[in-house]
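> here's my sequence, what's the structure:
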Amino acid sequence: YGEGQGGPAKGKDRNRPYAKSELSLDTAEEDTIQQMVDQRSYHKKRREYNDADDIRYELQREYNVEIDDRLREWSVGGKFDSPSGPSSDRPYTRRGGMGNLSEDDIQVIEAAVMKRTEAKTVRDFNLADTIRDGLQNRYGVTIDDRSREWHLSGIEEYVRASDSLPLSEETEEVLSYVDKRLEERRLAKKSRDFDVADSIRDELYDSYFIVIDDRTKEWSVEDHGQSSSSSDESPQESKVDNATDNIDEALDEALDDIFGELDADNEQSDMDDQDNAEEEEEEEEEEEVEDSTESPESLEKLTVPELKEKLREVGLPVSGRKAELIERLTTAASS
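Residues are numbered from 1 along each chain as shown. Now for the predicted structure:
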């Protein structure tokens, strides 16, 4: 798969195989990872984006691998020789439409996301979870820690990604046509006419190299040999940094309003736990015995909230997908 030194420049040849980043952490699973990355590339070429996304998420979950499609590189730990990769020390990026939120709302959300990052850095996971739940309950914010992005749930309209490349024909007529076709695709998906939805997706890619992200409700133009310049800091990152640097008393009060009720609930819960320490200890012991007799098949029948409740009762983390929650419970029961 290697390219000679005289090969195409990074990010310019969309047919060049993906390679391991020079800044990647070492791993004993390099061959397995490379095969999965190549398989993802195969699915992307065939417009099988759901399959490609599934592989990307599996790489993130199982091997802590991030992929930079512009550099055509993968990295364990998310480090690249360009700032475009989602490395662990970069700010969270806003994705998708903002609905009816005001600029003040967005500033509060961005500041809260940064506060949550600081809390995770010092391993204050209770505060981090409180901020995450507060943002979800008040604004409908979903935070993706693997891609270091946040977006609003329930937004239906597609918007252009802030880091998208320009269209080959950047005219009002073309932009209006793209918006029209995206809306037609949204309606087709809503009525479960997936053949029409897929044909619109393929048409937009074939005509304009437009890639659609159904998770964040964004579209962007894929790099297909265009020359593009990059800077050390995107406008959005600068905006996030400025919002964080300029957190004033009013913003702190707004954050207190968002999370104050949840904090009060947590404090009351802590007091209740102390008052009933012996009773909780007995219940946990009983629950551990019960969990040890449960099979993965029986846990599979439970809902995600029920699984999380079981994890809380035995003092285990509650984040992750359903399969991860089940694995965590079964591992604890067998240990």
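
> where does the prediction get shaky in this structure?
Scanning the chain with the threshold set as pLDDT under 70 gives 1-14, 82-90, 224-294, 335.

> any idea which residue is closest to the centre of it?
Geometric centre of the chain, nearest residue: D144, 2.9 Å, by C-alpha atoms, centre = their mean.

> hang on, isn't that one packed against S153?
No: with contact defined as C-beta atoms under 8 Å, D144 does not reach S153; the gap is 11.5 Å. Using the backbone N, CA and C atoms, a C-beta is placed for each residue, glycine as well.

> just the CA trace of stretch 108-127, in PDB.
Below are the C-alpha coordinates for stretch 108-127, written out as PDB (Å, rounded to 0.1, in the frame of the first residue of the first chain):
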ATOM      1  CA  VAL A 108     -23.600  29.300  27.100                       C
ATOM      2  CA  ILE A 109     -23.600  25.800  25.500                       C
ATOM      3  CA  GLU A 110     -20.000  26.200  24.200                       C
ATOM      4  CA  ALA A 111     -18.800  27.500  27.500                       C
ATOM      5  CA  ALA A 112     -20.500  24.500  29.300                       C
ATOM      6  CA  VAL A 113     -19.000  22.000  26.900                       C
ATOM      7  CA  MET A 114     -15.600  23.500  27.700                       C
ATOM      8  CA  LYS A 115     -16.200  23.300  31.400                       C
ATOM      9  CA  ARG A 116     -17.200  19.700  31.000                       C
ATOM     10  CA  THR A 117     -13.900  19.000  29.100                       C
ATOM     11  CA  GLU A 118     -12.000  20.600  32.100                       C
ATOM     12  CA  ALA A 119     -13.900  18.400  34.500                       C
ATOM     13  CA  LYS A 120     -13.100  15.300  32.500                       C
ATOM     14  CA  THR A 121      -9.400  16.300  32.400                       C
ATOM     15  CA  VAL A 122      -9.300  16.300  36.200                       C
ATOM     16  CA  ARG A 123     -11.400  13.100  36.300                       C
ATOM     17  CA  ASP A 124     -14.400  14.900  37.900                       C
ATOM     18  CA  PHE A 125     -16.800  12.600  36.100                       C
ATOM     19  CA  ASN A 126     -19.800  13.400  38.300                       C
ATOM     20  CA  LEU A 127     -19.600  17.100  37.300                       C
END
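
> show me the contacts for R40.
By C-beta atoms under 8 Å, 6 or more residues apart in numbering, the residues touching R40 are 51-52, 55-56, 59, 67.

> okay, helices next: where are they in this structure?
Under the criterion DSSP state H, the chain contains helices at 30-45, 49-63, 103-121, 125-139, 172-190, 194-208, 235-245, 249-275, 277-292, 296-300, 304-313, 322-334.

> can you add distance to L23 and give the ones you listed back as JSON lines?
Converted to JSON lines, the helices of the chain look like this (distance: least, C-beta to C-beta, whole Å):
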{"stretch": "helix 30-45", "distance to L23": "14"}
{"stretch": "helix 49-63", "distance to L23": "16"}
{"stretch": "helix 103-121", "distance to L23": "20"}
{"stretch": "helix 125-139", "distance to L23": "27"}
{"stretch": "helix 172-190", "distance to L23": "35"}
{"stretch": "helix 194-208", "distance to L23": "30"}
{"stretch": "helix 235-245", "distance to L23": "19"}
{"stretch": "helix 249-275", "distance to L23": "35"}
{"stretch": "helix 277-292", "distance to L23": "41"}
{"stretch": "helix 296-300", "distance to L23": "38"}
{"stretch": "helix 304-313", "distance to L23": "35"}
{"stretch": "helix 322-334", "distance to L23": "27"}
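
> what about the residue lying closest to V141 once chain neighbours are set aside, how many residues nearby?
Once flanking residues are discounted, V141 sits nearest to L135: 3.9 Å by C-beta to C-beta, 6 or more residues apart in numbering. Here the number of neighbours of L135 (other C-beta atoms under 10 Å) works out to 22.

> how much space between L135 and S24?
In this view, L135 and S24 are 32 Å apart by C-beta to C-beta, to the nearest Å.

> check T130 too.
Going from T130 to S24 by C-beta to C-beta gives 34 Å.

> same thing with R328?
Taken as C-beta to C-beta, the span from R328 to S24 is 27 Å.

> could you do R16 as well?
R16 sits 17 Å away from S24, going by C-beta to C-beta.

> so between these two, which is more surrounded?
Set R16 next to S24 and count neighbours by other C-beta under 10 Å: S24 wins out with 20 against 16.

> the more buried one: what's it in contact with?
74-77, 79.

> now do stretch 54-66: distance to the chain's middle.
11 Å (C-alpha atoms, centre = their mean, to the nearest Å).

> may I have it as PDB, with CA atoms only?
The C-alpha trace of stretch 54-66 is given here as PDB (Å, rounded to 0.1, in the frame of the first residue of the first chain):
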ATOM      1  CA  ASP A  54     -20.100   1.500  11.200                       C
ATOM      2  CA  ILE A  55     -16.500   0.600  10.600                       C
ATOM      3  CA  ARG A  56     -15.300   4.000  11.700                       C
ATOM      4  CA  TYR A  57     -17.300   3.800  14.900                       C
ATOM      5  CA  GLU A  58     -16.000   0.300  15.600                       C
ATOM      6  CA  LEU A  59     -12.400   1.500  15.000                       C
ATOM      7  CA  GLN A  60     -13.000   4.300  17.500                       C
ATOM      8  CA  ARG A  61     -14.700   2.100  20.100                       C
ATOM      9  CA  GLU A  62     -12.400  -1.000  19.900                       C
ATOM     10  CA  TYR A  63      -9.000   0.500  19.000                       C
ATOM     11  CA  ASN A  64      -9.200   4.300  19.800                       C
ATOM     12  CA  VAL A  65      -8.500   5.000  16.100                       C
ATOM     13  CA  GLU A  66      -9.400   8.200  14.400                       C
END
